[in-house]
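Enquirer: predicted model, plus sequence, below.
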Amino acid sequence: MPQSQLGNTRAIVTGASSGIGEGIARAFASAGAAVIVNYRSDERAAVRIVGEIRETGGRAEAVQADVSKPEDCGKLFDEADRLFDGTDIAVANAGIQRDAAFTELSLDDWRKVIDVNLTGQFLCAQEAVRRFRRQGLDTKRSPALGKIIFTSSVHQTIPWAGHANYATAKGGVKLLMETMAQELACEKIRVNAIAPGAIRTAINRDAWEDETARKKLLTLIPYGRIGETEDVAEAAVWLASDASDYVVGTTLFVDGGMMLYPSFREGG
């Protein structure tokens, strides 16, 4: 991956101590960005990731913050200011699952998922916009004032029984992203989203580790394989780069064709 793609840029990736966030942080660093690897509780993993990025010549720092708390979002961007003298790219990625059948879903689990997956992304994005405005446009870095990428999901569109809180949050992220893009594009702030399908991460291990479960999952993926974090990370690098400068308010699905509703492949 050529370093010029994100050279001279500074990025924050929330929820970057594992899974898709980790993949994006690593890819950004490989592409030349200085990266804040945000974590909520797994400091050891974040420090390990930062160390491995540095070993390959990248720039990275681990910063603890719970993005569901406004004060922590402010701290996260303060650290980016202190360490990298600003932020050019914010990836609102942190997310969790707390699954249950609808009538068994507790209010606490409903709120926790909404707080992290929707409100946390809102708070991170809101703080990013404020910082971009304060920094001002620097055309030596980018023609954009700033770039925000949300990590959404195919379940912003596809209903998901047993996951009402998660699907609701991702549906909210879709319209949050689009509304922000509509409002902020005139300021040269580019807002987009990536919607992964089935990606091989620890959060969905039960769906791919067991052979029977894996075969069942593959029936939902026309392309015939489970996605890897690198698939999402490469897309994120492109969306964060100036190669996509005219892309605004778009959700990029990285799903192996899951959004094609493969159960209708034989005529429904």
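Expert: Yep, it's here.
Enquirer: assign Ala195 to helix, strand or coil.
Expert: When the structure is reduced to helix, strand and coil (DSSP: H, G, I helix; E, B strand; the rest coil), Ala195 reads as strand.
Enquirer: pLDDT weak spots in the stretch 1-150 of the chain?
Expert: Low-confidence segments of the stretch 1-150 of the chain, defined by pLDDT under 70, are located at 1-3.
Enquirer: try 90 this time
Expert: Scanning the stretch 1-150 of the chain for pLDDT under 90 picks out 1-4, 140.
Enquirer: tell me which stretches of it form strands.
Expert: Secondary structure of the stretch 1-150 of the chain, counting by DSSP state E, counting those that start in this stretch: strands at 10-13, 34-39, 59-64, 89-92, 146-151.
Enquirer: starting at the chain centroid, how far to the second one?
Expert: Computed by CA atoms, centre = their mean, to the nearest Å, the separation of strand 34-39 from the middle of its chain amounts to 12 Å.
Enquirer: mind listing what's buried in stretch 123-139?
Expert: By neighbour count, with 16 or more other CB atoms under 10 Å as the criterion, the buried positions of stretch 123-139 are 123-125, 127-129, 131-132, 135. Every C-beta, even on glycine, is put in place using the N, C-alpha and C of the backbone.
Enquirer: need these in a markdown table (columns: distance to Ala161).
Expert: Shown next, in a markdown table, are those (distance: CB to CB, whole Å):
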| residue | distance to Ala161 |
| --- | --- |
| Leu123 | 29 |
| Cys124 | 29 |
| Ala125 | 29 |
| Glu127 | 34 |
| Ala128 | 34 |
| Val129 | 35 |
| Arg131 | 39 |
| Phe132 | 39 |
| Gln135 | 44 |
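Enquirer: and these, which two are furthest apart?
Expert: Greatest spatial distance in these: Leu123 and Gln135, 18.8 Å, computed using CB to CB.
Enquirer: does Val91 touch Glu22 like I think?
Expert: No: proximity of Val91 to Glu22 does not meet the contact threshold set by CB atoms under 8 Å, at 11.5 Å.
Enquirer: more crowded one of the two?
Expert: Neighbours per residue (other CB atoms under 10 Å) separate Val91 from Glu22, with Val91 holding more: 31 against 23.
Enquirer: list the contacts for the more buried one?
Expert: By CB atoms under 8 Å, 6 or more residues apart in numbering, the contact list for Val91 reads 11-14, 21, 24, 28, 148-149, 151, 236, 240.
Enquirer: with Asn204 instead?
Expert: The contact partners of Asn204, taken as CB under 8 Å, 6+ apart, are Ala198.
Enquirer: what about 6 Å?
Expert: When contacts are counted by CB atoms under 6 Å, 6 or more residues apart in numbering, Asn204 touches no other residue.
Enquirer: distance of it relative to Leu260?
Expert: The span separating Asn204 from Leu260 equals 20 Å under the rule CB to CB, to the nearest Å.
Enquirer: ok, Asp210 next?
Expert: As judged by CB to CB, Asp210 and Leu260 stand 25 Å apart.
Enquirer: and if you look at Gly23?
Expert: With the distance defined as CB to CB, Gly23 ends up 24 Å from Leu260.
Enquirer: between these two, which one's more packed in?
Expert: Between Gly23 and Leu260, Gly23 has the larger neighbour count (other CB under 10 Å), namely 23 against 15.
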